[in-house]
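A.B. asks: Pasting the sequence and the predicted model now:
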Amino acid sequence: MSKLATSYPSWSKLEQLSKQKINLREAFAKDPQRFQRYSRSFKGDRVKDISLLFDFSKNLIDDDVLASLISLAKEAKVEEHRDAMLDGKPINGSEDRAVLHIALRDLEGDFKGKDSVAGVKEVIPELKHMKEFSEAVRSGSWKGYTGKTIKSIVNIGIGGSDLGPVMATQALKPYSKRDLDAHFVSNIDGTHIAETLKVCDPETTLFIVASKTFTTQETITNATAARDWFMETAKDKAHVEKHFVALSTNVKAATEFGIAEANMFKFWDWVGGRYSLWSAIGLSIALVIGYENFEEFLKGGNEMDRHFKNAKLEDNLPVLLALIAIWYNNFHNAQSQAILAYDQYMNKFADFLEQLEMESNGKFITSNSERVNYETGPIIWGQPGTNGQHAFYQLIHQGTKLIPCDFLAPVESQNPIRGGELHDILLSNFFAQPEALAFGKTEEEVKKELGPKDAGNTFLVKSKVFEGNKPTNSIMFQKLTPGTLGALVALYEHKVAVQGFVWGINSFDQMGVELGKVLAKKILPVLQQADAQKVDSEGHDSSTSGLIKHYLSNRK
Ligand SMILES: O=P(O)(O)OC[C@H]1O[C@](O)(CO)[C@@H](O)[C@@H]1O
């Protein structure tokens with residue numbers, strides 16, 4: 001049973017330690033080995049192109065802090081929770097489910113404990129189905145109803161059934177089939193599907209209806225709109241099977257929608273939505289980058305799984321990433337964390353991590369049904385570098401909030417424009433920003449830089465001071481290959497799990513999304529009946545009633 005994290009002895013120790021200010025300038029000056037001491041490298045042993053360097057030396061930590069964070073993980077039984085997860089124990093207690101996204105990428109059978117869980121044995125046959133289908137579409141042997149090759153795919157899904165595929169297809173664009181256009185429709189705002197259909201041809205478009213539950217209102221409504229649009233041209237219902245496939249755990253609902261069983265790609269209830277890009281939900285990824293590359297992505301995730309399982313806590317990347325974030329979240333009042341990827345292909349990485357981290361760890365109830373008396377998941381946000389530098393870095397450097405940042409960058413660019421000059425410029429920024437954040441600029445340095453003419457201008461001098469001591473992690477990877485992306489995604493997935501274990505919460509349900517959905521379902525009939533009189537009898541507060549009435553009386 002999980003305990004309140006505040007009950008662990010190391011929690012109190014960390015509270016004490018947080019009162020001693022660690023100064024990064026002094027810490028680096030005192031210890032020439034600080035980088036060596038606080039960085040780790042990680043190499044794939046099967047996927048050879050994976051090579052990560054994780055530098056956490058620019059954090060407000062010392063050996064005492066690190067040792068106490070590791071003790072906290074031990075007291076919270078992180079290793080036991082991890083093993084229970086990898087063994088397929090039903091650690092998602094509120095839904096009584098196992099949490100086994102690792103099974104989707106365990107192609108060589110490294111994790112035996114999970115094998116008795118229902119569905120696990122179907123993973124490989126389902127991958128075979130994805131392989132055959134994606135190869136048929138990519139090779140052109142899969143034809144639309146008029147005998148034409150598929151030129152566009154449209155993934156219709158939302159949340160985890162959208163964000164993972166969007167992020168991964170963007171990230172792995174260099175591996176993509178450029179003559180196959182990939183579109184993603186998620187929002188129930190009709191604009192999203194309308195603008196997508198404008199650039200599609202019903203004869204050459206394949207719709208992928210991606211929904212774990214197959215009950216999600218946005219997805220089913222958008223899929224129905226897509227089918228109506230298709231039928232306007234195709235006329236005959238029999239043609240649907242050449243143009244619509246389903247990715248779901250709910251075979252019954254997908255059948256009711258009109259999708260033939262042969263066109264269904266299944267997964268299981270132990271795959272959480274935000275962890276589902278490794279499952280059939282990844283079909284759009286396989287279609288875009290090819291099945292072999294998709295498999296490399298899975299293997300990359302598995303490399304990180306084995307590291308997570310086997311590396312000791314002090315060297316365990318997901319554990320370190322999680323504990324460092326806990327240090328700021330719980331002992332330095334940091335409310336948010338920025339994800340800053342210096343790789344344009346990772347421009348959706350922060351969006352993806354938003355759901356991964358916030359839907360997983362935005363909880364106030366422990367697995368023991370107690371209300372937490374500490375902060376849980378931070379707000380995750382970010383933009384790719386260098387764009388963010390010209391937008392919000394001002395606040396990170398000189399604002400009043402502490403925002404720990406993860407900087408990520410590849411050693412090798414996929415596009416070495418001007419002989420690599422642009423990449424060098426990009427990376428010079430990737431190195432410079434954490435340096436500036438850590439070491440800042442003192443008043444004396446500012447005065448010296450300004451020279452005697454302006455050094456007396458107090459406002460100017462003070463405006464130019466950077467207090468520094470802002471913590472960052474830097475993660476360098478060799479190149480954004482499918483394997484590397486797999487390892488990075490799994491790194492963050494396990495980071496989230498470790499944090500949940502320490503905070504004693506269930507990172508694998510998402511009850512907090514339900515209430516809004518239920519209320520919207522109650523309001524919708526009122527909008528459809530356009531009965532402004534009825535609004536008052538619905539029991540809404542005056543604000544909600546007022547807004548609904550305003551809509552009803554002003555819409556055209
Ligand atoms: O795949 P589904 O069942 O359509 O769900 C989509 C998303 O909706 C949620 O259940 C809640 O928003 C997410 O967890 C999930 O990724």
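C.D. replies: Cool, got the structure.
A.B. asks: Kindly report the residues of the protein close to the ligand.
C.D. replies: Counting by C-beta under 6 Å from any ligand atom, the chain comes close to the ligand at 158-161, 211-213, 216, 219, 273-274, 359, 510, 513. All C-beta spots, glycine's among them, are computed from the backbone N, C-alpha and C.
A.B. asks: OK, contacts around the residue nearest the centre of the chain?
C.D. replies: The chain has Leu353 as the residue nearest its centroid, 2.5 Å off, counting by C-alpha atoms, centre = their mean. Counting by C-beta atoms under 8 Å, 6 or more residues apart in numbering, Leu353 touches Ile339, Ile380, Gly382, Tyr492.
A.B. asks: before we move on, back to that, now, the residues of the chain next to the ligand that are in helices?
C.D. replies: Among those, the ones falling in helices (DSSP state H) are Thr219, Glu359.
A.B. asks: Please produce a markdown table containing the residues of the chain next to the ligand, extended by pLDDT and neighbour count.
C.D. replies: Output for the residues of the chain next to the ligand, formatted as a markdown table (pLDDT from 0 to 100; neighbours: other C-beta atoms under 10 Å):
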| residue | pLDDT | neighbour count |
| --- | --- | --- |
| Ile158 | 98 | 20 |
| Gly159 | 98 | 21 |
| Gly160 | 98 | 25 |
| Ser161 | 98 | 31 |
| Ser211 | 97 | 28 |
| Lys212 | 96 | 25 |
| Thr213 | 96 | 14 |
| Thr216 | 96 | 22 |
| Thr219 | 98 | 26 |
| Gly273 | 98 | 24 |
| Arg274 | 98 | 26 |
| Glu359 | 98 | 22 |
| Gln510 | 97 | 21 |
| Val513 | 94 | 12 |
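A.B. asks: before we move on, the earlier item: before we move on, which element is the residue nearest to the centre of the chain in?
C.D. replies: helix 349-361 (DSSP states H and E).
A.B. asks: now swap in Tyr145 and tell me
C.D. replies: For Tyr145, there is no host helix or strand (DSSP H and E).
A.B. asks: That one contacts Lys237, doesn't it?
C.D. replies: No: the pair Tyr145 / Lys237 is not scored as a contact, 10.9 Å apart, by C-beta atoms under 8 Å.
A.B. asks: more neighbours, those two?
C.D. replies: Shown here are Tyr145 and Lys237; by other C-beta atoms under 10 Å, Tyr145 has more neighbours (18 against 10).
A.B. asks: ok, now which ones touch the more buried one?
C.D. replies: Glu203, Ala234, Asp236, His239, Lys242, His243.
A.B. asks: hmm, 10 Å instead?
C.D. replies: 202-203, 230, 233-236, 238-243 (C-beta atoms under 10 Å, 6 or more residues apart in numbering).
A.B. asks: Those residues into TSV, with extra columns for neighbour count?
C.D. replies: Listed next are those as TSV, based on neighbours: other C-beta atoms under 10 Å:
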residue	neighbour count
Pro202	19
Glu203	20
Phe230	22
Thr233	12
Ala234	19
Lys235	10
Asp236	8
Ala238	9
His239	18
Val240	19
Glu241	14
Lys242	19
His243	21
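A.B. asks: Going by residue numbers, what spans are strands in this protein?
C.D. replies: Along the chain, counting by DSSP state E, strands occupy 39-43, 51-55, 152-156, 181-185, 205-210, 244-248, 264-266, 336-341, 379-381, 405-410, 472-477.
A.B. asks: So which elements touch the fourth one?
C.D. replies: Contact partners of strand 181-185 among helices and strands, from 3 or more C-beta pairs under 10 Å, 6 or more residues apart in numbering; DSSP states H and E: strand 152-156, helix 163-171, helix 190-198, strand 205-210, helix 217-234, helix 283-289.
A.B. asks: can you do 6 Å?
C.D. replies: strand 152-156, helix 190-198 (3 or more C-beta pairs under 6 Å, 6 or more residues apart in numbering; DSSP states H and E).
A.B. asks: So which elements touch the shortest one?
C.D. replies: By that I understand strand 152-156. Using 3+ C-beta pairs under 6 Å, 6+ apart, strand 152-156 sits against strand 181-185, strand 205-210, helix 217-234.
A.B. asks: List the contacts of whichever residue of the stretch 251-400 of the chain sits closest to the ligand.
C.D. replies: Relative to the ligand, the nearest point of the stretch 251-400 of the chain is Gly273 (2.5 Å; C-beta to the nearest ligand atom). By C-beta atoms under 6 Å, 6 or more residues apart in numbering, the contact set of Gly273 is Gly159, Gly160, Lys212.
A.B. asks: Now tell me what touches the helix or strand of the chain at the bottom of the mean pLDDT ranking from outside.
C.D. replies: Least confident helix or strand, the chain: helix 532-535 with a mean of 80, by mean pLDDT, DSSP states H and E. If you take C-beta under 6 Å, 6+ apart as the criterion, helix 532-535 is touched by Val526, Ser545, Ile548, Lys549, Leu552.
A.B. asks: likewise stretch 150-164?
C.D. replies: Contact with stretch 150-164 is made by 137, 165, 181-186, 196, 200, 204-211, 218-219, 222-223, 273-274, 276-277, 281, 284, 287, 352, 355, as judged by C-beta under 6 Å, 6+ apart.
A.B. asks: With stretch 432-446 instead?
C.D. replies: With C-beta under 6 Å, 6+ apart as the contact definition, stretch 432-446 has outside contacts at 24-25, 58, 407, 461, 464-468, 470, 472, 474.
A.B. asks: Can you get me the start-to-end distance on it?
C.D. replies: Chord length of stretch 432-446, first to last residue, is 18 Å (C-alpha to C-alpha, to the nearest Å).
A.B. asks: mean confidence score for that stretch?
C.D. replies: The pLDDT scores in stretch 432-446 average 98.
A.B. asks: For that stretch, which residues meet the burial criterion?
C.D. replies: By neighbour count on 16 or more other C-beta atoms under 10 Å, the buried set for stretch 432-446 is Gln433, Pro434, Ala436, Leu437, Ala438, Phe439, Gly440, Val446.
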